[in-house]
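Student: I would like the atomic coordinates for the input below:
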Amino acid sequence: MDTLYWLAVATVVIVLFFDYTNGFHDAANIVATVIASRAMTPVQAVFVVGIFEFLGPLLGGTAVANTIGKFVDLSTVDAQLAVLILFCGLLGAIVWNLATWWLGIPSSSSHALVGGLAGAVVAAVGSQYVIWGWEPLMTQGKLIGVMKVLVSLFVSPVLGFWVGYGIHRLGRRLMAGAKPTANDTLRKLQFVTAAGLAFSHGANDAQKSMGMLTLVLVLGGFIPKFEVPFWVMLACAIAITLGILSGGWRIVRTLGFGIYRVRPLHAFDSQLTSAVLILSASYLGAPVSTTHVVSTSIMGIGYSERPRAVRWKKAKDIGKTWLYTIPAAALTAVVIYAIARVIIG
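Tutor: Have a look, this model is predicted:
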């Protein structure tokens, strides 16, 4: 079999490994508030989340996959080079994911993917092969390509903050005068909201890998057009669920305890906010960062209650990481591409 075939196989493996690290990295985003509020034990949380995480990619459609799979255009590039570019871009994203996990920093896998892929494409064939989407936005008000991805990624944390703020203000009014036993009800309700958050995460994040895997198949000539096969959905659902079950527990401390003291009402409101926003984004084909939405929802909830109790320094550290992620992943992918070219010759 030729080089293209084996390179495509290797890239498919890398896509699924990225999907796994996405789940591994984002597990804390979903289970942190559940565990911090003592609504579930870690074992219960992982079990409930795992089931609904698996269902998300299978039932959540392919709108996000279409967005991710079409923000670069490598159709006129030699097939072997095109697949190599995807390989290097994904590997750059994976390296950044693992580095931030090791440091316990809740960075965005979505930002890492965008940065890694864009960096590899620009280094290999030039910026004209990236669908930036700037002109359609300015002339037609239409969001496509990188602009659609970036607008989604940067607007979602703002919405996470203010929707979390509003929902918690409403929740506190509804709970005014409630007995302490209301916390038991809120903990039980988190079985529903945590399941919804897990489903929305699978529906949005796994689709990013579905889009990349389908793009590999198209560029390699294995399928005639960009249309996500069912086996790709299934493979990505399995990979991200295994990542969730493995759990990036280092980040649980940051989200569950490092931003604001999370109690049952805070946890319920954060999960509800995040699930609604991420599901809405999936319907619109907008890739968002679960890390961003969950983190900022906690900040908004804390701000609505006791602004001074929010650990803004931790929030500032997270914000810096968000800004660093795209260029850092891009640079990592460029270095990996340079090494790959030397090895391949």
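
Student: now residue 75. Its backbone dihedrals?
Tutor: Residue 75 adopts backbone torsions of phi -60, psi -30, taken as degrees, to the nearest 10.

Student: what is the neighbour count of it?
Tutor: Residues near residue 75, counting by other Cβ atoms under 10 Å, number 11. The C-beta positions use only the backbone N, C-alpha and C, and glycine is treated the same way.

Student: what of the one 10 residues further on?
Tutor: One way to gauge burial is a neighbour count; for residue 85, by other Cβ under 10 Å, it gives 27.

Student: can you pull the contacts of it?
Tutor: 74, 77, 117, 120, 121, 124, 125, 337 (Cβ atoms under 8 Å, 6 or more residues apart in numbering).

Student: after the helix or strand of the chain with the lowest mean pLDDT, next one along is what?
Tutor: Between all helices and strands in the chain, the lowest mean by mean pLDDT, DSSP states H and E belongs to helix 252-257, at a mean of 54. Of the helices and strands lying after helix 252-257 in sequence (DSSP states H and E), the nearest is helix 264-284.

Student: show me what counts as buried in the next helix or strand after that next one.
Tutor: Counting by DSSP H and E, the next helix or strand C-terminal to helix 264-284 is helix 290-305. Neighbour counts over helix 290-305 (16 or more other Cβ atoms under 10 Å) mark 290-305 as buried.

Student: also stretch 83-91?
Tutor: 83, 84, 85, 86, 87, 88, 89, 90, 91.

Student: for stretch 2-15, same thing?
Tutor: Across stretch 2-15, burial judged by 16+ other Cβ under 10 Å covers 4, 7, 8, 11, 12, 14, 15.

Student: what is the orientation angle of the helix or strand harbouring the first one with helix 290-305?
Tutor: With the criterion set as DSSP H and E, the secondary-structure element containing residue 4 is helix 3-36. Compare the direction of helix 3-36 with that of helix 290-305 by axes from the mean of the first three to the mean of the last three Cα atoms, to 10 degrees and you get 20 degrees.

Student: other residues contacting the helix or strand just after helix 3-36?
Tutor: Following helix 3-36 in sequence order, the next helix or strand is helix 42-59 (DSSP H and E). Identification of contacts with helix 42-59 by Cβ under 8 Å, 6+ apart yields 23, 27, 30-31, 34-35, 40, 191, 194-196, 198-204, 206-207, 210, 233-234, 236-238, 240-241, 244-245, 247.

Student: list buried residues within the residues you listed.
Tutor: 23, 27, 30-31, 34-35, 40, 194-196, 198-204, 206-207, 210, 233, 236-238, 240-241, 244-245, 247.

Student: flag the shaky bits of the stretch 151-300 of the chain, pLDDT-wise.
Tutor: 247-258 (pLDDT under 70).

Student: which residues does the closest residue to residue 114 other than its chain neighbours contact?
Tutor: Nearest residue to residue 114, sequence neighbours excluded (Cβ to Cβ, 6 or more residues apart in numbering): residue 149, at 5.6 Å. Residue 149 is in contact with 67, 68, 71, 110, 114, 287, counting by Cβ under 8 Å, 6+ apart.

Student: redo these as a markdown table? Include neighbour count, distance to residue 267 and secondary structure.
Tutor: Listed next are those as a markdown table, based on neighbours: other Cβ atoms under 10 Å; distance: Cβ to Cβ, whole Å; DSSP: H, G, I helix; E, B strand; the rest coil:
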| residue | neighbour count | distance to residue 267 | secondary structure |
| --- | --- | --- | --- |
| 67 | 22 | 30 | helix |
| 68 | 24 | 30 | helix |
| 71 | 25 | 34 | coil |
| 110 | 28 | 23 | helix |
| 114 | 27 | 30 | helix |
| 287 | 28 | 25 | coil |
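
Student: okay if I get the residues you listed as JSON lines plus distance to residue 214?
Tutor: Shown next, in JSON lines, are the contacts of residue 149 (distance: Cβ to Cβ, whole Å):
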{"residue": "67", "distance to residue 214": "12"}
{"residue": "68", "distance to residue 214": "9"}
{"residue": "71", "distance to residue 214": "13"}
{"residue": "110", "distance to residue 214": "17"}
{"residue": "114", "distance to residue 214": "17"}
{"residue": "287", "distance to residue 214": "15"}
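
Student: out of those residues, who's nearest residue 180?
Tutor: residue 110 (39.3 Å; Cβ to Cβ).

Student: and residue 162, backbone torsions?
Tutor: Taking degrees, to the nearest 10 as the convention, residue 162 sits at phi -80, psi -30.

Student: for residue 221, same thing?
Tutor: Dihedral angles for residue 221 - degrees, to the nearest 10 - are phi 80, psi 20.

Student: re earlier: so which of the buried ones among the contacts of helix 42-59 belong to helices?
Tutor: Among the buried ones among the contacts of helix 42-59, the ones falling in helices (DSSP state H) are 23, 27, 30-31, 34-35, 194-196, 198-204, 206-207, 210, 233, 236-238, 240-241, 244-245.

Student: mind listing what's buried in stretch 275-289?
Tutor: 275, 276, 277, 278, 279, 281, 282, 285, 286, 287, 288, 289.

Student: between those, which is nearest residue 341?
Tutor: residue 287 (28.9 Å).

Student: tell me the contacts of the closest one?
Tutor: Counting by Cβ under 8 Å, 6+ apart, residue 287 touches 64, 67, 68, 110, 149, 152, 153, 204, 207, 208, 281.

Student: now do residue 112
Tutor: Taking Cβ under 8 Å, 6+ apart, one finds 92, 93, 94, 96, 97, 325, 326, 329 in contact with residue 112.

Student: I'm done for today, thanks for sticking with me.
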